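S.K.: coords below, sequence missing:
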């Protein structure tokens, strides 16, 4: 029997890898497609969406950044707002780990949702055992 996540959370690393067609892009695309087919929600925080947007706007253009956000919406990725529960959980991760604050939001969303965090960013390595990580 194969393991089926109840939800997936994408971090900025995974989304940039997908959008920029990096080596793990196909694996990420397959995870998103399978999740959509199986009714497994795929989400990311608005903080991480903002990080994706500014990276693309800085490296390419604001129009490309807007197109990338539209592509994420077209993939049926849910954008989760940062309420106090999520922000406090992100702040807890930040207070205990040497991680970027945006990464802490992705980890917090995974914990709050009981979801698998999809990433290849080694900054999450210390969180193994605290959240479920789907390495790509």
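M.R.: Alright, I've got the coordinates. This is a predicted model, so every value here is computed, not measured. Residues are numbered from 1 along each chain as shown.

S.K.: checking residue 134 next. Helix, strand or coil?
M.R.: Under DSSP: H, G, I helix; E, B strand; the rest coil, the three-state class of residue 134 is strand.

S.K.: please begin residue numbering at 6 from this point
M.R.: Let's use 6 as the start, then, which means that last one is residue 139.

S.K.: neighbours around the residue nearest to it when sequence neighbours are not counted, how many?
M.R.: Closest residue in space to residue 139, ignoring its immediate chain neighbours: residue 121 at 4.4 Å, by Cβ to Cβ, 6 or more residues apart in numbering. C-beta coordinates here come from the backbone N, C-alpha and C atoms, glycine included. Residue 121 is flanked by 22 other residues according to other Cβ atoms under 10 Å.

S.K.: for residue 121, give me phi and psi.
M.R.: With angles defined as degrees, to the nearest 10, residue 121 sits at phi -80, psi 130.

S.K.: now the strands: where do they sit in the chain?
M.R.: Ranges of strands in the chain, per DSSP state E, are 13-15, 47-50, 83-85, 121-124, 137-140.

S.K.: tell me the most buried of those?
M.R.: Most buried of those by mean neighbour count (mean count of other Cβ atoms under 10 Å) is strand 13-15; its value is a mean of 30.

S.K.: chain center to it, what's the gap?
M.R.: 5 Å (Cα atoms, centre = their mean, to the nearest Å).

S.K.: residues making contact with that strand?
M.R.: Strand 13-15 is contacted by residues 33, 36-37, 40, 45-49, 53, 82, 111, 114-115, 118, 120-124, 139 when judged by Cβ atoms under 8 Å, 6 or more residues apart in numbering.

S.K.: quick one: pLDDT of residue 9?
M.R.: Looking at residue 9, its pLDDT stands at 75.

S.K.: thanks a lot, catch you later.
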